[in-house]
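1. I would like to see how this sequence folds:
(one chain, ligands or ions: 2)
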Amino acid sequence: MTDELRIFRNFIKKNNIKNSRSREKILEIFLNTEKHISIYELHDLVKRQYPEIGLATIYRAMNIICRSDLAETINIGDGVKRFEHKYGHRHHDHLICIKCGKIIEMHNDDIEEIQKKMCKKFDFKMTDHKLQIFGYCKNCLD
Ligand SMILES: [Zn+2]
Ligand SMILES: [Zn+2]
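-> Ligands and ions are numbered 1, 2, ... in the order given. Now for the predicted structure:
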């Protein structure tokens, strides 16, 4: 069993959620996807293998998967919620192209450090943060 599935099953048990085979199938497909996938893109992939699983089921499953900390959502401002893997992935921020929708991941220790300092300055306890920079990628600028 993978770490992810073990974490997921523990979460399900701890929270008294009814077990569901479909949900685990959705988790497996999600874990095999590329980064930053929308619910519609995920639905397309699930449909290919399990046509009986509908969008609403996928939506509910992704909610639980996020709550279990295996995934998190990213909102790039186009009204479409996207999901990315969280477990085993280092925290990162995003550069988002407003023309083609390309999402570039970045991590910079200095930026992280400055954010921590700013929180300290305001006696603010950070639980999470998202930094998004919007603009044009190299392709869209050419
Ligand atoms: Zn672009
Ligand atoms: Zn990302």
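2. contacts and neighbour counts: CA atoms only from here.
-> OK.
3. give me the domain ranges for the chain.
-> Following automatic domain parsing, one gets these domains for the chain: 3-85, 93-141.
4. now the helices for the protein?
-> For the chain, the helices defined by DSSP state H occupy 3-14, 21-31, 39-49, 55-67, 109-121, 138-141.
5. out of those, which gets nearest to ligand 1?
-> Nearest to ligand 1 among the helices of the chain is helix 138-141 (4.3 Å), distances taken as C-alpha to the ion.
6. now do that closest one: distance to the chain's middle.
-> Remark: helix 138-141 is offset 25 Å from the chain centroid, using C-alpha atoms, centre = their mean, to the nearest Å.
7. and stretch 109-125, by the same measure?
-> Worked out by C-alpha atoms, centre = their mean, stretch 109-125 lies 23 Å from the chain centre.
8. send the alpha carbons of it over as CSV?
-> Taking C-alpha atoms only, stretch 109-125 is exported to CSV below (Å, rounded to 0.1, in the frame of the first residue of the first chain):
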residue,chain,number,x,y,z
ASP,A,109,14.0,30.6,0.8
ASP,A,110,14.5,34.4,1.1
ILE,A,111,10.8,35.0,0.2
GLU,A,112,9.7,32.4,2.7
GLU,A,113,12.0,34.0,5.4
ILE,A,114,10.6,37.5,4.7
GLN,A,115,7.0,36.3,5.0
LYS,A,116,7.9,34.7,8.4
LYS,A,117,9.5,38.0,9.5
MET,A,118,6.5,40.0,8.5
CYS,A,119,4.1,37.7,10.4
LYS,A,120,6.3,38.0,13.5
LYS,A,121,6.3,41.8,13.2
PHE,A,122,2.5,41.8,13.3
ASP,A,123,2.3,39.0,16.0
PHE,A,124,0.5,37.0,13.4
LYS,A,125,0.6,33.2,13.5
